[in-house]
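Participant: Sharing a model prediction with you, sequence too.
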Amino acid sequence: MPNANKQKGDRWELSLVHLIKEWFPDVARRKAGWAQDMGDLSGIPNLCVECKDTAPSAIGSSMDKALVSWENTKQQYMVMFQKRRGKPVEDGYAVMPISNWLELYKRVTELEGKIEIDT
């Protein structure tokens, strides 16, 4: 008998891949079942990605698992994409530790000073 929660997670991951491919054509789902979790998506440079289609009340335990994946990948940044019930994929949440967000935002602001950005 198929696992309904796994199928739900698989659909969320596939939806994210379709959304993200426009910006990162190499994005793909990772194969499940590895002894060392490396996140759910690959193909985005310097980023560990976890995808969760769980109840909002599970965000803490979901983030704990995402942090283990991040440690395993040794990537510079990490994000956990959390599905929102009844909302389009692009309205899901991107969750990350505040310390990692600060590093990312600092890097973005440094780059803004070096390149011309259309607003």
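Facilitator: Looks like it came in fine.

Participant: Spatially central residue for this structure, please.
Facilitator: The centroid of the chain falls nearest to Val49 when counting by Cα atoms, centre = their mean (3.2 Å).

Participant: correct me, but Leu104 touches Gln75?
Facilitator: No - Leu104 is beyond contact range of Gln75, at 11.7 Å (criterion: Cβ atoms under 8 Å). Where you see a C-beta, it was placed from the backbone N, CA and C, and this is true even at glycine.

Participant: Point out the other helices and strands that the helix or strand harbouring Asn5 packs with.
Facilitator: Using DSSP states H and E, Asn5 maps to helix 4-20. Counting contacts by 3 or more Cβ pairs under 8 Å, 6 or more residues apart in numbering; DSSP states H and E, helix 4-20 packs against strand 28-29, strand 41-42, strand 47-52.

Participant: so of these, which one's packed in deepest?
Facilitator: strand 47-52 (a mean of 24; mean count of other Cβ atoms under 10 Å).

Participant: hmm, back to that, with Met80 as the reference, name the closest of the helices and strands packed on helix 4-20.
Facilitator: Closest to Met80 of these, according to Cβ to Cβ: strand 47-52, at 4.4 Å.

Participant: Show me which positions of the helix or strand that that closest one is followed by end up buried.
Facilitator: Next along the chain after strand 47-52, taking DSSP H and E as the criterion, comes helix 59-73. Applying a neighbour-count criterion of 16 or more other Cβ atoms under 10 Å, one finds Ile59, Ser62, Met63, Ala66, Leu67, Ser69, Trp70, Thr73 buried in helix 59-73.

Participant: try stretch 53-60
Facilitator: For stretch 53-60, using 16+ other Cβ under 10 Å, the buried residues are Asp53, Ile59.

Participant: What is the linear distance spanned by it between its boundary residues?
Facilitator: Stretch 53-60 has an end-to-end distance of 13 Å (criterion: Cα to Cα, to the nearest Å).
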